[in-house]
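A.B. asks: Provide a 3D model corresponding to the input given below.
(one chain, ligands or ions: 1)
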Amino acid sequence: ERQEVRPYNRQRLLVVANRLPVSAVRRGEDSWSLEISAGGLVSALLGVKVFEARWIGWAGVNVPDEVGQKALTKALAEKRCIPVFLDEEIVHQYYNGYCNNILWPLFHYLGLPQEDRLATTRSFQSQFAAYKKANQMFADVVSEHYEEGDVVWCHDYHLMFLPKCLKEYNSKMKVGWFLHTPFPSSEIHRTLPSRSELLRSVLAADLVGFHTYDYARHFVSACTRILGLEGTPEGVEDQGRLTRVAAFPIGIDSERFIRALEVPDVIQNMKELKERFAGRKVMLGVDRLDMIKGIPQKILAFEKFLEENASWRDKVVLLQIAVPTRTDVPEYQKLTSQVHEIVGRINGRFGTLTAVPIHHLDRSLDFYALCALYAVTDVALVTSLRDGMNLVSYEFVACQEAKKGVLILSEFAGAAQSLGAGAILVNPWNITEVAASIGQALNMSPEEREKRHRHNFHHVKTHTAQEWAETFVSELNDTVIEAQLRISK
Ligand code: G6P
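C.D. replies: Numbers count the residues shown, from 1 in each chain. This next block holds a predicted model:
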């Protein structure tokens, strides 16, 4: 018996991600305020509008008491969000530990932490156990809210165990899983002690999606080499059952950014920024303060540029917005001090009594302030050491219709595959090359800037978050129908 597929606008979608699009801050025993969460996953998913979507995830806060949990559940319901409550110990072991100290660095080619290299260490095992337990808690909430015909779309490296839990609950559930980070070469993935169990759980999904063909190919190779399964052009086959694997490059809600530039406050803010930095070219970095973003390397490249180009010293400024993230993980704490140290040294070296070359902010900006900043920027520096896609590059391009600024982009960001033709591509590890590309960007002719911008703007406008979601969901529906046909043959 075949399941009915509803048209998009009535297709019920359960979006499951570790982090909800809003994070909660407690204001009183039963009162909460909600703030938009940071990160590429949330900014893309906020651009997905057409479905009848509900969100299931963690609100980023520990709520041990029932009164608080009830009040927060109610506040979140207005935003169509359903909370998964994780206690402090689980957050420590699952989120800080297994997700952000093991999987995140590994998937970004930074390797496994030294102390966890041996699979037998207790911390690795207990963190993996907590990871599975947390995934089961997400599955329990999904199954409470699931209705027949719903599409369940699981997101990211936090929830690799979820497809298996969901299929065990109901084998007919339509389950998709999408990874927002790179999937590394199989040679990297095979160093992970729980490599096979995680691959098998992901394969329980009907459709598995990645940002680029390379990541999809790496995943299929991991399944063939590590699990000995068969890779086909459609995906991975295990005893006649196919898991479809494909690339679905994400996008943003570009119109939201374009419209923001017409808001009077934004126009006023842009005017003030232009006055504030008059006579100087503005270079911009916007990143979560994460080791994958290559912030120290970027700042060192800027230093090298100033060192070699004395005439530019009082004519250029670098604004680096570094949004604090995962602040309980020691690696992130170390990075914060490292970046502060480098910025302080360079400002001491090249600053004057009235101006400094780098403005470094340890905080996020609200949406409108960010749009104004993107719009007045001459050169954006997105120099991640690795990045699943990187939507900051898309947001910058969306805000540059008037200025046609230059994007310097890491070749190790997924976005290099879509915006590569319009950006200056760099190897972020090569500080000399990045310094030279800063010079190239600052000196670029208006004609060339226009040509490069046209290419990128067209891409960002046509490859939106909505289109990404529609393609994924329709592919998931088709995959399930095809599987049913195969079985009934
Ligand atoms: C990346 C991940 C997301 C995550 C975001 C912010 O974009 O792919 O899953 O939500 O970073 O990180 P956080 O740990 O604060 O959720």
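A.B. asks: and the residue in the stretch 351-489 of the chain that the ligand sits nearest to, what does it touch?
C.D. replies: Proximity of the stretch 351-489 of the chain to the ligand (CB to the nearest ligand atom) peaks at residue 388, 6.2 Å away. Backbone N, C-alpha and C define where each C-beta goes, glycine included. Residues near residue 388 by CB atoms under 8 Å, 6 or more residues apart in numbering: 40, 179-182, 211, 215, 414.
A.B. asks: Same check on residue 154?
C.D. replies: By CB under 8 Å, 6+ apart, the neighbours of residue 154 are 16-17, 162-163, 166, 175-178, 205.
A.B. asks: quick one on the thing from earlier: ok, and of the contacts of residue 388, which contact the ligand?
C.D. replies: 40, 180-181 (CB under 6 Å from any ligand atom).
A.B. asks: Find me the pLDDT at the closest residue to the ligand within the chain, would you?
C.D. replies: Relative to the ligand, the nearest point of the chain is residue 39 (2.7 Å; CB to the nearest ligand atom). pLDDT recorded at residue 39 is 85.
A.B. asks: Likewise for the one 3 residues further on?
C.D. replies: Residue 42 is assigned a predicted lDDT (pLDDT) of 87.
A.B. asks: wait, isn't it in contact with residue 35?
C.D. replies: No: counting by CB atoms under 8 Å, residue 42 sits too far from residue 35 to count as a contact (11.0 Å).
A.B. asks: which residue ranges form the strands in the stretch 351-489 of the chain?
C.D. replies: For the stretch 351-489 of the chain, applying DSSP state E, counting those that start in this stretch gives strands covering 358-361, 379-382, 406-410, 424-426.
A.B. asks: The longest one: partners in the sheet, and parallel or antiparallel?
C.D. replies: Under the criterion DSSP bridges, strand 406-410 sits next to strand 379-382 (parallel), strand 424-426 (parallel) in its sheet.
A.B. asks: about what we covered before: neighbour-wise, which of residue 42 and residue 35 wins?
C.D. replies: Higher neighbour count among residue 42 and residue 35: residue 42, with 22 against 12, using other CB atoms under 10 Å.
A.B. asks: Please report the distance of the residue lying closest to residue 357 once chain neighbours are set aside from residue 157.
C.D. replies: In space, and not counting its chain neighbours, residue 357 is closest to residue 350: 4.8 Å by CB to CB, 6 or more residues apart in numbering. Separation of residue 350 from residue 157 (CB to CB, to the nearest Å) stands at 39 Å.
A.B. asks: Can you list the buried residues in the worst-scoring helix or strand of the chain on mean pLDDT?
C.D. replies: Among the helices and strands of the chain, helix 40-45 carries the lowest confidence by mean pLDDT, DSSP states H and E, at a mean of 84. Buried positions in helix 40-45, judged by neighbour count with 16 or more other CB atoms under 10 Å: 40-45.
A.B. asks: Now do the following helix or strand past that helix: which elements does it pack against?
C.D. replies: As assigned by DSSP states H and E, the chain's next helix or strand after helix 40-45 is strand 52-58. Identification of packing neighbours for strand 52-58 by 3 or more CB pairs under 8 Å, 6 or more residues apart in numbering; DSSP states H and E yields strand 12-19, strand 81-83, helix 122-145.
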